[in-house]
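Undergrad: Show me how the following folds:
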Amino acid sequence: MTAQQQPAHERRRGGPAIPQDVDTLLTMEQRMALRQIESFGWELAFVGHPLFQETTVIVTRRLDESYAILTRNGDLDVNSDLVIRH
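TA: Just a heads-up that it's a prediction; the model follows:
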């Protein structure tokens with residue numbers, strides 16, 4: 001793509017999947033729950049923070065390639081209609 005073909009502004013921010021200040025984005029309940037579920041093979045996949053919406057914390061378990069949402073109160077929502085684009 002040449003400079004003339006590039007869009008005027010980028011719609012996606014392109015930041016890291018897990019920001020360096022991730023602990024400031026998580027609630028206390030999410031931080032505690034994340035430490036607990038890590039012993040069951042879950043790990044932080046990425047943190048989404050869409051404009052004007054609350055932060056979405058996504059965890060993954062590589063063993064069976066599953067994804068789940070870690071809710072604000074620290075619950076693991078494995079039954080959501082989560083769509084992951086690779």
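Undergrad: What are the buried residues along the helix or strand bottoming out on mean pLDDT in the chain?
TA: Least confident element among the helices and strands of the chain, by mean pLDDT, DSSP states H and E: helix 22-25 (a mean of 86). Buried residues in helix 22-25, defined by neighbour count with 16 or more other CB atoms under 10 Å: V22. C-beta coordinates here come from the backbone N, C-alpha and C atoms, glycine included.
Undergrad: which other residues reach that helix?
TA: 19, 31, 44, 47, 49, 55, 57 (CB atoms under 8 Å, 6 or more residues apart in numbering).
Undergrad: Would you mark the buried spots in the following helix or strand past it?
TA: Next helix or strand after helix 22-25 toward the C-terminus (DSSP states H and E): helix 28-37. Within helix 28-37, the residues that qualify as buried are 30, 33-34, 37, counting by 16+ other CB under 10 Å.
Undergrad: So which residues make contact with helix 28-37?
TA: 23, 26, 42, 44, 57, 59, 70-76.
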